[in-house]
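Chemist: Fold the stuff below for me.
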Amino acid sequence: MRLPNPLRALPLLAATSLLAGCNLVVLNPAGDVAAQQGQMVVISTLLMLLIIVPVIILILLFAWRYRQGSRHAETDYAPDWDHSTKLELVIWAAPLVIIIALGALTWIGTHKLDPYRPLDRIASGKPVPEGIKPLEVEVVSLDWKWLFILPEQGIATVNELAAPVDRPIRFRLTSSSTMNAFYVPDLAGMIYTMPGMQTELNAVINRPGVFNGMSSHYSGTGFSGMTFKFHGLSEQDFARWVARAKAEGKPLTRDAYRDLARPSERHPVERFASVDPNLYQRVLNLCVEDGQRCMHETMASDALRGRARANEALFAKAQSQSICTPGMPVALADN
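Modeler: Numbering: from 1, shown residues only. Got it, this is the predicted structure:
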């Protein structure tokens, strides 16, 4: 039974409606770093399609050409055929060239878009203006919210961040407890946050707007609500945003941070007018609580203790070999 004409269009309409829900922000982002990453995705896809499309066409062509009853199935039958130099060259040369191209693209892109590398441009054909200072942002992933500290401005926010358009941004990121991943698709690629460790991300936003930020790494029950808004603003609007935080917020002390660090789901936007200047370093070194020894201090004392033991062992070895001179212990201790 043939379907009426309107009903025949239903599958096409259903497919179109599904595609309408696709978000192509990765291929059309608002930041230069993300745009370069999107270009790499497009180029890589096109290079791979150079193999995929011909293979699909040849599969369909061979299935049709050598179908049962076709004259080619009988006339082209060659049971003793075992080698073709031309065919071997095509089969191996084309993929090899594509693999070399993909490898070169990956190697160049990996170094050029290294998240730790300071930006050398703010957009295509626009180098970073001389004398401009990146906006410093310290990021702490909490359960299940994002804390942003702007040390230069002396403010902090929860689940909201803003930055001036066309100004480089340097993120320093860590986590309070659980490993997580910071991701603003319009800004740059994903970067992990880990307790007791610091990662970095350099990026820039090139047009005004409100963009979605999220956690792209599962971290527990509140993961789905661990989102925030990233605002691209003009310099004047950014100054007003900072002034609003200073006017509406409260101080972010270590006590306030400890309250904030308690797990909460879908935490509302919160602003802090001032920040303990050592808070981020204490979070990074796992010593926010009173009486805790900071991790960098522990590592430094362990290094000194290890050096002293090495010197003692070296001195003992020299004594056992009876090669010591009156000045040897001092020299060994200095080493």
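
Chemist: quick one: the strands in the stretch 201-335 of the chain?
Modeler: 209-215, 227-233, 250-252, 270-275 (DSSP state E, counting those that start in this stretch).

Chemist: Take the ones you listed and write them to a markdown table, including mean pLDDT and mean neighbour count.
Modeler: Placement of C-beta: from N, CA and C, glycine included. As requested, those are exported to a markdown table (pLDDT from 0 to 100; neighbours: other C-beta atoms under 10 Å):
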| stretch | mean pLDDT | mean neighbour count |
| --- | --- | --- |
| strand 209-215 | 96 | 18 |
| strand 227-233 | 97 | 19 |
| strand 250-252 | 95 | 16 |
| strand 270-275 | 96 | 20 |
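
Chemist: Those strands: which one's closest to Pro195?
Modeler: For Pro195, the closest of those is strand 209-215, at 14.8 Å, according to C-beta to C-beta.

Chemist: about what we covered before: to Pro29, which of the strands of the stretch 201-335 of the chain lies closest?
Modeler: strand 209-215 (8.5 Å).

Chemist: thinking again about what came up before, any chance of a markdown table for the strands of the stretch 201-335 of the chain, columns distance to Ser44?
Modeler: A markdown table is the format used below for the strands of the stretch 201-335 of the chain (distance: least, C-beta to C-beta, whole Å):
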| stretch | distance to Ser44 |
| --- | --- |
| strand 209-215 | 24 |
| strand 227-233 | 26 |
| strand 250-252 | 43 |
| strand 270-275 | 40 |
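
Chemist: And those strands: which comes nearest Ala123?
Modeler: strand 227-233 (13.0 Å).

Chemist: just how off-centre is that closest one within its chain?
Modeler: Mean-position distance between strand 227-233 and its chain equals 17 Å (C-alpha atoms, centre = their mean, to the nearest Å).

Chemist: Buried residues of stretch 258-265, list them for me.
Modeler: Going by neighbour count (16 or more other C-beta atoms under 10 Å), the buried part of stretch 258-265 is Leu260, Ala261, Ser264.

Chemist: for the residue lying closest to Tyr116 once chain neighbours are set aside, helix, strand, or coil?
Modeler: Nearest residue to Tyr116, sequence neighbours excluded (C-beta to C-beta, 6 or more residues apart in numbering): Glu200, at 4.8 Å. Secondary structure, DSSP: H, G, I helix; E, B strand; the rest coil: Glu200 is strand.

Chemist: got a list of what Glu200 touches?
Modeler: Counting by C-beta atoms under 8 Å, 6 or more residues apart in numbering, Glu200 touches Pro115, Tyr116, Arg170, Phe171, Arg172, Leu173, Ile191.
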